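> Need a 3D model of the sequence below.
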Amino acid sequence: MPQVPQKAKMNGTYAVPQEPGGFNESDDEGEDGYVVGGYHRVAIGETYNDRYKTVAKLGWGHFSTVWLCEDLKVKGYAAMKVQKSARHYTEAAYDEIA
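Numbering: from 1, shown residues only. The predicted model follows:
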């Protein structure tokens, strides 16, 4: 299995550093986005679909957060994008996978 990237602790979750030097507040999406229709709370160690176990937070954007996951089925790693849940984000999510 590949080695997990080095992690840095940030606001209770673990994120993979993008650049040397660590993180600042602009690297975090903030707590105010975690509301109905907003971001979904993901915790390190959670398993989704009995297959993807979260290892580290890779990043975030206006529509979603992205997580490094251990793929328990193929014994490797995958990225999991977690889209905001408001109805108007659904079309954008379908556009990305189409």
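> give me the element Thr54 is part of.
Following DSSP states H and E, one finds Thr54 within strand 52-60.
> For the helix or strand following that strand, buried residues please.
Using DSSP H and E, the next helix or strand after strand 52-60 towards the C-terminus is strand 64-71. Neighbour-count burial for strand 64-71 flags Ser64, Thr65, Val66, Trp67, Leu68, Cys69, Glu70 (criterion: 16 or more other C-beta atoms under 10 Å). C-betas here are computed from N, CA, C, even on glycine.
> okay, the residues you listed in TSV with pLDDT next?
Output for the buried residues of strand 64-71, formatted as TSV (pLDDT from 0 to 100):
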residue	pLDDT
Ser64	91
Thr65	93
Val66	94
Trp67	96
Leu68	97
Cys69	97
Glu70	97
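> can you give me how far the strand holding Thr54 is from the chain middle?
4 Å (C-alpha atoms, centre = their mean, to the nearest Å).
> same question for it, mean pLDDT?
When pLDDT is averaged along strand 52-60, the result is 95.
> by how many degrees do that strand and strand 64-71 diverge?
150 degrees (axes from the mean of the first three to the mean of the last three C-alpha atoms, to 10 degrees).
> which among the buried residues of strand 64-71 gets closest to Lys53?
Ranking these by separation from Lys53, with C-beta to C-beta as the measure, puts Glu70 on top at 4.5 Å.
> Am I right that that closest one is in contact with Lys53?
Yes. If you go by C-beta atoms under 8 Å, Glu70 and Lys53 touch, sitting 4.5 Å apart.
> which sections of this structure are below the confidence cut-off?
1-27 (pLDDT under 70).
> roughly how far is stretch 61-81 from the heart of the chain?
Distance, stretch centre to chain centre, for stretch 61-81: 7 Å (C-alpha atoms, centre = their mean).
> Would you map the strands across this protein?
Secondary structure of the chain by DSSP state E: the strands cover 8-10, 13-15, 47-48, 52-60, 64-71, 76-83.
> quick one, the fourth one and strand 76-83 angle?
Pointing back at strand 52-60 there. 60 degrees.
> tell me what strand 52-60 is packed against?
strand 13-15, strand 47-48, strand 64-71, strand 76-83 (3 or more C-beta pairs under 8 Å, 6 or more residues apart in numbering; DSSP states H and E).
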